[in-house]
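*Asks:* 3D, please:
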Amino acid sequence: MSEFKQLYSPFLEGAVWYPASEWALEGRSVGSWLLESDSLSRRLAAHCRVFSVTVLAQSVIKNSELSLSERALLGHSDCLERIVMLNGDQQHWVYARTLMPTTILCGDESDLAELGANPLGYRIFNGNNSRRDALEVAKIGMPEQAIWARRSRLWINEKPMLVAELFLPDSPAYARNNKC
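*Replies:* Residues are numbered from 1 along each chain as shown. Model prediction:
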């Protein structure tokens, strides 16, 4: 699965992020996906019979390896980097990279390091102790077509993590006449 990481990581690394408010996304099909404030995993699962998560990589990375904007959003801790593919009916829909400061991986949140193939969104958005902020969007050019990405900070029990999601061409976010 490292071929997916090699293929898609450069798109997220090279993304030029803009606040979501700078794009005219309201009323557009893809906009409703990019602006989703709840669990993306749950929304994707509603569009298929079999939803799955494939873990492509998971390891601790040094704070110095983060970009300046990532450090500004997360602070100065080393991070657990989790890279996954979100799939619907065996199609690759979303490539996602999550950064969790190692300082939050204790107490009630210690299980976040052990999610395996369980969706992060199912774990985070299961109560009143979570929220999303710092939503940014990027439009990324690919040879066949431009695709969209979003990056946001998630909070659980007032502890931050950063999630970047690349919506791949087969994602339901691009479906015509998609009202969901």
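*Asks:* Counting by contacts, list what the helix ranked longest in the chain packs against.
*Replies:* Identified as the longest helix of the chain according to DSSP state H is helix 2-13. On a contact count with 3 or more CB pairs under 8 Å, 6 or more residues apart in numbering; DSSP states H and E, helix 2-13 meets strand 51-61, strand 79-88, strand 91-101, strand 146-156, strand 159-167. C-betas here are computed from N, CA, C, even on glycine.
*Asks:* partners of the next helix or strand after that helix in the sheet?
*Replies:* Following helix 2-13 in sequence order, the next helix or strand is strand 18-19 (DSSP states H and E). According to DSSP bridges, strand 18-19 has the following sheet partners: strand 130-141 (antiparallel).
*Asks:* shaky segments in this protein?
*Replies:* 1, 142-144, 176-180 (pLDDT under 70).
*Asks:* how does it look with 50?
*Replies:* Scanning the chain for pLDDT under 50 picks out the ranges 179-180.
*Asks:* before we move on, back to that, and the angle from the longest helix of the chain to strand 51-61?
*Replies:* For helix 2-13 and strand 51-61, the angle between their directions (axes from the mean of the first three to the mean of the last three CA atoms, to 10 degrees) works out to 70 degrees.
*Asks:* Columns mean neighbour count and distance to N129 on top of the helices and strands packed on helix 2-13, output as JSON lines?
*Replies:* Output for the helices and strands packed on helix 2-13, formatted as JSON lines (neighbours: other CB atoms under 10 Å; distance: least, CB to CB, whole Å):
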{"stretch": "strand 51-61", "mean neighbour count": "15", "distance to N129": "22"}
{"stretch": "strand 79-88", "mean neighbour count": "21", "distance to N129": "20"}
{"stretch": "strand 91-101", "mean neighbour count": "22", "distance to N129": "16"}
{"stretch": "strand 146-156", "mean neighbour count": "20", "distance to N129": "6"}
{"stretch": "strand 159-167", "mean neighbour count": "22", "distance to N129": "10"}
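*Asks:* what's the burial count for E22?
*Replies:* Number of residues near E22 (other CB atoms under 10 Å) recorded here: 9.
*Asks:* check contacts around the nearest residue to it once chain neighbours are set aside.
*Replies:* Nearest residue to E22 in three dimensions, chain neighbours excluded: V137, at 7.9 Å (CB to CB, 6 or more residues apart in numbering). By CB atoms under 8 Å, 6 or more residues apart in numbering, the contact list for V137 reads 17-20, 22-23, 25, 34, 148-151.
*Asks:* change it to 10 Å
*Replies:* Residues near V137 by CB atoms under 10 Å, 6 or more residues apart in numbering: 15, 17-23, 25, 30-31, 34-35, 148-152.
*Asks:* Could you measure from it over to M85?
*Replies:* 20 Å (CB to CB, to the nearest Å).
*Asks:* End to end on stretch 150-161, go ahead and measure it.
*Replies:* 14 Å (CA to CA, to the nearest Å).
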